[in-house]
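In: All I have is the shape, not the residue letters:
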């Protein structure tokens, strides 16, 4: 019985996909010379509208990536997906990193650069138009993209907030 429960826990952990966004080698200069360590930015998601990011630092590459994955799983964000794209246009900001994401028709694919592409693909968005405006720093771009995704609202949520039926929202 305990083995079966253990397998369930492992399946939950393995349902998340992870993608390395950036790996940076940093040097600390000491009396004895330079000490090198690694800083990794990782994005983790389930492909169904859940995504998180993490930063891990360690002397070993694999250890820094593992730390980043663990942190990413702790700060997951859920957002609405509508037929493989996002429900509406949204801007996100973090520091000097600004992003704009727009819904796209079926078959468009993920049109985004670098760090944004990693976040959107792992999150499960299949069709989206995205533009990074401002800083190209991967830390800020990843956090701005997740900010934009977190601000998304589904039509059902908007209808509840306004106290209307779903059909009235689309009438305009």
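Out: Yes, it's here. On a predicted model such as this, the values are computed, not experimentally measured, just so you know. Numbers count the residues shown, from 1 in each chain.
In: Just the element for residue 72, please.
Out: helix 61-74 (DSSP states H and E).
In: now for that helix, which elements pack on it?
Out: strand 17-30, strand 33-45, strand 50-58 (3 or more CB pairs under 8 Å, 6 or more residues apart in numbering; DSSP states H and E). To be clear about C-beta, it is placed using only N, CA and C from the backbone, and glycine gets the same treatment.
In: Burial-wise, tell me which of those strands comes out on top.
Out: For these, the largest average neighbour count (mean count of other CB atoms under 10 Å) is found in strand 50-58, namely a mean of 21.
In: what's in contact with that strand?
Out: 21, 26, 37-45, 63-79, 119, 122-124, 139, 142-143, 146, 149 (CB atoms under 8 Å, 6 or more residues apart in numbering).
In: Wait, residue 114 touches residue 137, no?
Out: No - applying CB atoms under 8 Å as the test, residue 114 and residue 137 come out as separate, 10.6 Å apart.
In: Wasn't residue 115 part of a helix?
Out: Yes - counting by DSSP: H, G, I helix; E, B strand; the rest coil, residue 115 is found in a helix.
In: mind checking pLDDT for it?
Out: According to the prediction, residue 115 has pLDDT 91.
In: and if you look at residue 12?
Out: Looking at residue 12, the pLDDT reads 48.
In: Just the buried residues of the helix or strand where residue 150 lies, please?
Out: Counting by DSSP H and E, the element that carries residue 150 is helix 138-151. By neighbour count with 16 or more other CB atoms under 10 Å, helix 138-151 contains the buried residues 138, 139, 140, 141, 142, 143, 144, 145, 146, 147, 148, 149.
In: now these in JSON lines, with distance to residue 89 and pLDDT?
Out: Below are the buried residues of helix 138-151 laid out as JSON lines (distance: CB to CB, whole Å; pLDDT from 0 to 100):
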{"residue": "138", "distance to residue 89": "23", "pLDDT": "94"}
{"residue": "139", "distance to residue 89": "24", "pLDDT": "94"}
{"residue": "140", "distance to residue 89": "20", "pLDDT": "95"}
{"residue": "141", "distance to residue 89": "18", "pLDDT": "95"}
{"residue": "142", "distance to residue 89": "20", "pLDDT": "95"}
{"residue": "143", "distance to residue 89": "19", "pLDDT": "95"}
{"residue": "144", "distance to residue 89": "15", "pLDDT": "95"}
{"residue": "145", "distance to residue 89": "14", "pLDDT": "95"}
{"residue": "146", "distance to residue 89": "17", "pLDDT": "94"}
{"residue": "147", "distance to residue 89": "14", "pLDDT": "95"}
{"residue": "148", "distance to residue 89": "10", "pLDDT": "95"}
{"residue": "149", "distance to residue 89": "12", "pLDDT": "94"}
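In: Many thanks, I have nothing further to ask.
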